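pasting the sequence and the predicted coordinates here, then a few questions.
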Amino acid sequence: MALPTVNSASARQTAQVSSVRITQLVQVFEADRPPVLDRIELNVAPGEFVCLLGASGCGKSTLLSLIAGLGTPTSGGIEITVGRPALMFQEPALLPWLTAAGNVELALKARGVGRRDRAAEAERLLSLVNLAGQGRKRVHELSGGMRQRVALARALAQDSRLLLMDEPFAALDAITRDALHEELIRLWSEQQLSIVFVTHNVREAVRLGQRVLLMSSRPGRIVREWHVELSQPRAIESPGVSALATEVTQHLRAEISRHGR
Amino acid sequence: MAGDVPVAAPTAQIDDRSAFEAGLDALEAPAPPRRPGPAKVFVRSVLPPVVAVAAFLALWQLAYSTGLKPSYALPSPMDVLRTFGQTVRDGRAWEAISVSVSRGALGFAASVVVGTVLGLAMWRGRWLRAALGPFVSGLQSLPSVAWVPAAIIWFGLSDAAIYAVVLLGAVPSIANGLLAGFDQVPPLLDKVGRVLGLTVLGRIRHVLLPAALPGYLAGLKQGWAFSWRSLMAAELITYSPALGIGLGQQLNIGRELNAMDLVIASIVLILVVGVAIELLVFAPVERRVLRARGLTVARGR
């Protein structure tokens, strides 16, 4: 299943426009330590779902913040062709003094949507994440999964073709995570989003991604790539996902073991 | 490999997913807190302090009846009530309340302006904060009555002296409260503002200020308490016929006349006014702000 396919994949992508094109990206925080990110090359095609997988310290979250524009790389280029990307964090990061709808509306306001259209648009977005009619609830009245879905609706409210997700489901229990996986895949295919999804959960990466990239730690490099040729929707417990996850896990473990020596 | 996942019919699948998710939401959303009924509120929150006050009055009456102290030093509760009634009837109580409350309100308003500007400046200016922070915190624990002699030397027996003491008492609490409010804003929320593409002003207006509000309110509440105390200290000492007679001055008159009933009536009135303003003005605002965020007031249970 692991395709040694650098050729075919990149040939396919350079022919198309990329949503994100990252070239020779280097990020150094402390000069006397190995770079956090080392010569990262990454193209994400429009409508593509890419999972970045790696152990802690591999710089996957750093990479995501750089794409989101929350920092500047030491060197190298990040080219985004689809406007300001939307970003979801591990925590819902909702503003607790606003209602669910209020949080979505703030994103609409930031985008310049007129006051009159915001309420209806927020309700439409909330119903996209299966929260129709729940807009008046306060953040503390929602469960963890509902909060993360409001955060997803808020990200969608940015109306970006590129959605960056930084371990967004890591803090949820397995059943809720499962529900959100289904939700996300449905939205991805309906809205034709490009998604870069960071996780340290191998099964999650294989469950969701069309492409899974394995990153090494210190320095953070992309060391391996898999094309997941399983059709969506796929269940996390399906044999296909399991088989590929087993293989990816072996490589991830090998990467981690290098650091113990 | 592609075909090995069984795929259900699309509509059935959507129903299935919505129902599943709705079920999860229903099970996992936190239940709204149950509000106790009026009878329970009465028994739990109203009755205990009423009983305590009644017991205190009974002990006081007992001490008076047994002649623990001569009656000019320890009047009975009824004597105090009678004196209080008299001050209400002849208008002295209202005048004292209106003089003190208007001074307190004006002094507090000035403190809010100065304290907020100072807090904002210290928040934006790292250097300013490093320089002034220890002094502002230190001033918070300095009893503001200590400023009264200095204020009288600078400003004479005037309203200016009284306001100076009030400001020195309240400004540090308000500035520190605002700073604490800003310090408690999770950095993640500011990141959210940046990701959403809000401008700097938009982030301050929509993210930082509302996020800092609970800390700021706590500072304002403490600032009011300090204003009121400072005001009483200042009024007690700066007594001059040119100044109106506030509650502190009425208290001082009681001392000079050796009229313990007037002294006690004044003390009770100072306490009642201070508490009433906190309960009527600050408590409702604080409760609203905290409840909206799913937080409860520390003592509210």
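Yes, it's here.

within range of chain A, give me the residues from the stretch 101-250 of chain B.
Residues of the stretch 101-250 of chain B lying near chain A by CB under 8 Å from any CB of the partner chain: B:186, B:188-189, B:191-192, B:194-198, B:202, B:206-207, B:210-211, B:213. Yep, even glycine has a C-beta here, placed from its N, CA and C like the rest.

give me that answer again for 10 Å
For the stretch 101-250 of chain B, the contact set with chain A under CB under 10 Å from any CB of the partner chain comprises B:186, B:188-189, B:191-199, B:202-203, B:206-207, B:210-211, B:213-214.

which members of these are positioned in helices?
B:188-189, B:191-195, B:202-203, B:210-211, B:213-214 (DSSP state H).

which residues touch residue B:214?
A:96-97, B:177, B:180-181, B:184, B:286, B:289-290, B:293, B:295 (CB atoms under 10 Å, 6 or more residues apart in numbering or on different chains).

what's the closest non-adjacent residue to the residue in the stretch 51-200 of chain A that chain B sits nearest to?
For the stretch 51-200 of chain A, the residue positioned closest to chain B under CB to the nearest CB is residue A:140, at a distance of 2.4 Å. The shortest distance from residue A:140 to any non-neighbouring residue, by CB to CB, 6 or more residues apart in numbering or on different chains, is to residue B:294 (2.4 Å).

strands of chain A, residue ranges please.
A:20-27, A:37-44, A:49-53, A:75-80, A:86-88, A:162-166, A:194-199, A:211-215, A:222-227 (DSSP state E).

how about these, which one is nearest residue B:37?
Nearest to residue B:37 among these is strand A:86-88; the distance by CB to CB comes to 42.3 Å.

contacts for the closest one next, please.
So strand A:86-88 is in contact with A:64-65, A:67-70, A:93, A:107, A:148, A:151-152, A:154-169, A:184, A:193, A:195-197, B:191-192, B:194-197, going by CB under 10 Å, 6+ apart.

strands paired with it, and their directions?
Here strand A:86-88 has these sheet partners by DSSP bridges: strand A:162-166 (parallel).

any idea how far the partner strand is from the chain center?
Offset of strand A:162-166 from its chain centre (CA atoms, centre = their mean, to the nearest Å): 4 Å.

residue 223 - how many residues pack around it?
Using chain A. By other CB atoms under 10 Å in any protein chain shown, 15 other residues sit near residue A:223.

please refer instead to chain B.
Count around residue B:223 with other CB under 10 Å applied: 27.

now do the host helix or strand of it and helix B:187-195, the angle between them.
Following DSSP states H and E, one finds residue B:223 within helix B:209-237. With axes from the mean of the first three to the mean of the last three CA atoms, to 10 degrees applied, the angle from helix B:209-237 to helix B:187-195 works out at 130 degrees.

beyond helix B:209-237, next helix or strand please.
Next along from helix B:209-237, by DSSP H and E: helix B:247-256.

just the pLDDT at residue 208, thanks.
Just going to use chain A. Per-residue confidence (pLDDT) for residue A:208: 94.

let me rephrase: I mean chain B.
At residue B:208, pLDDT is 92.

residue contacts, it?
Counted by CB under 10 Å, 6+ apart, residue B:208 has contacts B:123, B:181-182, B:185, B:189-190, B:193, B:200.

please report the distance of the closest residue to residue A:91 other than its chain neighbours from residue A:164.
Leaving aside its chain neighbours, residue A:91 sits nearest to residue B:188 (6.4 Å; criterion: CB to CB, 6+ apart). According to CB to CB, to the nearest Å, residue B:188 stands 15 Å off from residue A:164.

these two: which has the busier surroundings?
residue A:164 (26 against 12).

tell me what the more buried one is bridged to.
Going by DSSP bridges, residue A:164 forms beta bridges with residue A:87, residue A:196.

right, and it touches residue A:51 too?
No - between residue A:164 and residue A:51 there is no contact under CB atoms under 10 Å: 11.9 Å.

which neighbours do those two have in common?
In contact with both residue A:164 and residue A:51: A:195-198, using CB under 10 Å, 6+ apart.

same list (the residues you listed) but as CSV, adding pLDDT and neighbour count.
Below are those laid out as CSV (pLDDT from 0 to 100; neighbours: other CB atoms under 10 Å in any protein chain shown):
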residue, pLDDT, neighbour count
A:195, 95, 25
A:196, 95, 27
A:197, 95, 26
A:198, 95, 24
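
sorry, back to before: max pairwise distance over the contacts of residue B:208: which two?
B:181 and B:200 (18.6 Å).

of the two, who's got more company?
Counted by other CB under 10 Å, residue B:181 and residue B:200 do not tie: residue B:181 has more neighbours, with 22 against 10.

any idea of the pLDDT on that one?
93.

helix or strand for it, which one?
helix B:159-183.

tell me the buried residues in that helix?
Neighbour-count burial for helix B:159-183 flags B:159, B:161-182 (criterion: 16 or more other CB atoms under 10 Å in any protein chain shown).

contacting residues for residue 46?
The chain I'm using is chain A. A:16-20, A:81-82, A:161-162, A:192-194.

wait, chain B
residue B:38.

spatially nearest residue to the residue of the stretch 1-150 of chain B found nearest chain A, not counting backbone neighbours?
Residue nearest to chain A within the stretch 1-150 of chain B: residue B:28 (3.5 Å; CB to the nearest CB). Spatially, and ignoring its direct neighbours in sequence, residue B:28 is nearest to residue A:143 (3.5 Å; CB to CB, 6+ apart).

next, that neighbour: phi, psi?
Residue A:143 adopts backbone torsions of phi -80, psi 170, taken as degrees, to the nearest 10.

that one against residue B:23, yeah?
No - Residue A:143 is beyond contact range of residue B:23, at 11.5 Å (criterion: CB under 10 Å).

low-confidence ranges in chain B?
Within chain B, the ranges that satisfy pLDDT under 70 run B:1-15, B:296-301.

residue closest to the middle of it?
What sits nearest the mean C-alpha location of chain B, by CA atoms, centre = their mean, is residue B:221, with 2.3 Å.

got a list of what that residue touches?
Applying CB under 10 Å, 6+ apart, the residues near residue B:221 are B:173-174, B:177, B:278, B:281-283, B:285-286.

now with 7 Å?
Taking CB atoms under 7 Å, 6 or more residues apart in numbering or on different chains, we find residue B:221 in contact with B:278, B:282, B:286.

what about those residues, which are in helices?
residue B:286.

can you name every helix or strand that the helix or strand where residue B:153 lies contacts?
In the assignment (DSSP H and E), residue B:153 maps to helix B:148-155. Judged by 3 or more CB pairs under 7 Å, 6 or more residues apart in numbering or on different chains; DSSP states H and E, helix B:148-155 is in contact with helix B:159-183, helix B:209-237.

tell me what the shortest one is packed against?
Okay, so that is helix B:159-183. Helices and strands touching helix B:159-183, as assessed by 3+ CB pairs under 7 Å, 6+ apart, comprise helix B:92-124, helix B:126-140, helix B:148-155, helix B:209-237.

run through chain A and note the low-pLDDT ranges.
Checking chain A against pLDDT under 70 turns up A:1-16, A:261.

can I see the domain layout of it?
A:6-85+A:161-260, A:94-159 (automatic domain parsing).

and the residue nearest to residue B:119 when sequence neighbours are not counted, how far from chain A?
On the basis of CB to CB, 6+ apart, the spatially nearest residue to residue B:119 that is not a chain neighbour turns out to be residue B:178, at 3.3 Å. Here the criterion is CB to the nearest CB, to the nearest Å. By it, residue B:178 lies 17 Å from chain A.

all set now, cheers.
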